[in-house]
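Novice: Show me the folded form of this:
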Amino acid sequence: MAEVTPLGTESRGASPTRAPSCGEAVVRLLEQYGVDTVFGIPGVHTLEIYRGLAASEIRHVSPRHEQGAAFMADGYARVAGKPGVCTLITGAGLTNAATPIAGAYHDSIPMLVVSSATACADNGRGHGSLHDLPDQRAFMATITAESIEVRDPAELPEAFARAFEIFESRRPRPVHIGMPIDVLDLPGSAWERLPARGTRPLAEPALIERAVELLASAERPMLLLGGGAVAAGAEAAAVAERLGAPVGLTVNAKGVLPDSHPLSLGTTLTLNPVHAAFSEADVVLAVGTEFGETDYFYAPGAAAPHFAGSLVRVDIDADQLNRQRPAAIGLHGDSAATLAAIDAGLAARGRERSSQGDRAAALRNGRRWWPGAEKFMPFLAALDRGIPENGILVADSTQPAYVAHHSWPGRAPRGYIAPGGFGTLGPALPMAIGAQLAAPRRPVAALAGDGGALFTIQELASAADLGLPIALVIWQNDGYGEMRDSMDRISAPRMGTEVTAHDFTLLAEGFGCRGVRTESLDDLPGALAEAFAADRPTLVEVRG
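Specialist: Residues are numbered from 1 along each chain as shown. Predicted coordinates:
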């Protein structure tokens, strides 16, 4: 962390006669909150923030598009387990980044979005100011946990304290802090961070006791872990072992209970007989999940699960306890602490731990894939052979990824990144950059279709500048294959689906990267090994 110099004294990059500005104070607060990386593109409205970054030890990463900045911040947050940070200019910078910010909101990813805003005298008055939005704060409020406008430098510490309180004690969604450009220029009269005040909620003991009674008497209990349980793997395993309960996981929870655990069903909730087993369980303990459709019934024609038994839900978001699937018992609290309390309650009732999983084994052995999924299995198997066990795979919206969501091995949490809930195209490459910066010693690969890759292909230049040994694997099927198949299924004429690049390997070389085209799937593991050992990114094209 950079040394923080009191206002009014000389600091790196600042004149000894000039008090640091509010923009510089922003950077000093970021330092005090332990931020080590910021993603953004400098603009005329954020010059004072960049004056502060130039004098800081915080690493700044320049993408080639603001969308890339927020995707990188998202990927960084998912792997690092702490908020990703991006700095954006007024109006256009925020609207360019709106899609990844909305995706982070959808998947409950902590992200701090710091931006400039129209000058106070022009804000909301239709003066035609550069980058102006009619109501920037309100616009951002639709895709963040909170959008805060700072109109006085003295309000800055409170704004940061509020943001980190949300990250630490609530559902960790993006928070936006916007400052008018004239406020950024003012002397930063306050920059000391306020004391931490974020505490995670604890579920009511009486409700925990009721949940323990229900679970202890269950004959066919099941556990269901969502992204909100990503930091509660040990506690979830303990409860599952007390109950002998099979454990299913959503895509955002992949690896929280490793596939190697005898009670793990992996991320196969959409497959029968796993799907049916949850419907037929007498008690389901669901932790940190909103029951999103892509987690539970992606398979064509499959219906959402309906629980015949009782549903116990654990969630840090109290409103979530009765959405989609109302809980018989709703436990508003931190997932790890709540599961630990349930485990203690079961232990007090004499339940011994056992990892024996006959029911789980039968369900795993009986899993049946939907028609068409099998054609992607050889490719995914070759991809798996080429990525080391500690590697990270970032998946775009592409047909093989839709199968990988459920079939890719879950070895540890934060090893598979897939923003599938919001379902945009193009996140894989920039999110892989953020993931690689968060975990520089882990191999990182991005998987994208040829159509989706073109949304953010320019970020190869960013990765090349950084010298990152990322492998971008392009599934080449000459356009939007999922849309072709969808149109064929309803006997609609194909339209707008034959969209691709003429030569991805030449594109990669033009961005300063390596470009490789595999001749067969047998070549893929070796191509990936070479990519992870390179001094720059590698694009590996695979014919679909």
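Novice: from the middle of its chain, how far away would the strand or helix carrying residue 379 be?
Specialist: Residue 379 is part of helix 377-386, with elements assigned from DSSP states H and E. On the basis of Cα atoms, centre = their mean, to the nearest Å, helix 377-386 sits 23 Å off its chain's mean C-alpha point.
Novice: Contacts for the helix or strand following that helix next, please.
Specialist: Next along the chain after helix 377-386, taking DSSP H and E as the criterion, comes strand 392-395. Identification of contacts with strand 392-395 by Cβ atoms under 8 Å, 6 or more residues apart in numbering yields 75, 79, 383, 387, 401, 404-405, 408, 414-418, 420, 427-429, 431-432, 435-436, 439, 442-447. The C-beta positions use only the backbone N, C-alpha and C, and glycine is treated the same way.
Novice: And strand 392-395, what's buried?
Specialist: Across strand 392-395, burial judged by 16 or more other Cβ atoms under 10 Å covers 392-395.
Novice: next one: stretch 382-391
Specialist: Of the residues in stretch 382-391, 382-384, 386-387, 391 count as buried by neighbour count, 16+ other Cβ under 10 Å.
Novice: With stretch 510-523 instead?
Specialist: Neighbour-count burial for stretch 510-523 flags 511, 513-518, 521, 523 (criterion: 16+ other Cβ under 10 Å).
Novice: try stretch 533-544
Specialist: For stretch 533-544, a neighbour-count test (16+ other Cβ under 10 Å) marks 534, 536-542, 544 as buried.
Novice: Which ones among these map onto strands?
Specialist: Using DSSP state E, the members of these that fall within strands are 538-542.
Novice: Residue 115 falls within a strand, correct?
Specialist: Yes. Secondary structure assignment places residue 115 in a strand (DSSP: H, G, I helix; E, B strand; the rest coil).
Novice: and it, what does it touch?
Specialist: 46, 87-90, 93-94, 136, 176-179.
Novice: Next step: the residues you listed restricted to helices.
Specialist: Cross-referencing the contacts of residue 115 against helices under DSSP state H gives 93-94, 136.
Novice: Any chance of those residues in a markdown table with pLDDT, distance to residue 244 and neighbour count as columns?
Specialist: Formatted as a markdown table, the ones in helices among the contacts of residue 115 follow (pLDDT from 0 to 100; distance: Cβ to Cβ, whole Å; neighbours: other Cβ atoms under 10 Å):
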| residue | pLDDT | distance to residue 244 | neighbour count |
| --- | --- | --- | --- |
| 93 | 95 | 52 | 26 |
| 94 | 95 | 50 | 26 |
| 136 | 92 | 53 | 25 |
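Novice: Let me know the closest of those to residue 309.
Specialist: Nearest to residue 309, judged by Cβ to Cβ, of the ones in helices among the contacts of residue 115 is residue 94 at 45.6 Å.
Novice: wait, residue 66 sits on residue 96?
Specialist: Yes. Counting by Cβ atoms under 8 Å, residue 96 is a contact partner of residue 66 at 3.8 Å.
Novice: Tell me where the stretch 201-350 of the chain has strands.
Specialist: 221-225, 247-249, 283-287, 310-315, 329-332 (DSSP state E, counting those that start in this stretch).
Novice: can you give me the angle the fourth one makes with strand 221-225?
Specialist: With axes from the mean of the first three to the mean of the last three Cα atoms, to 10 degrees defining the directions, strand 310-315 sits at 30 degrees from strand 221-225.
Novice: outside of strand 310-315, which residues touch it?
Specialist: Outside strand 310-315, the residues touching it (Cβ under 8 Å, 6+ apart) are 203, 211, 214-215, 228, 282-289, 320-321, 325-333, 335, 338-339.
Novice: Can you list the strands that that strand pairs with?
Specialist: Within its sheet, strand 310-315 is paired with strand 283-287 (parallel), strand 329-332 (parallel), according to DSSP bridges.
Novice: List of residues touching the last one?
Specialist: Read that as strand 329-332. Outside of strand 329-332, the residues within contact range by Cβ under 8 Å, 6+ apart are 201, 203-204, 207-208, 210-211, 214, 310, 312-316, 318, 321-322, 338.
Novice: Of those residues, keep whichever come out buried.
Specialist: Neighbour-count burial (16+ other Cβ under 10 Å) applied to the contacts of strand 329-332 gives 201, 203, 207-208, 210-211, 214, 310, 312-316, 321, 338.
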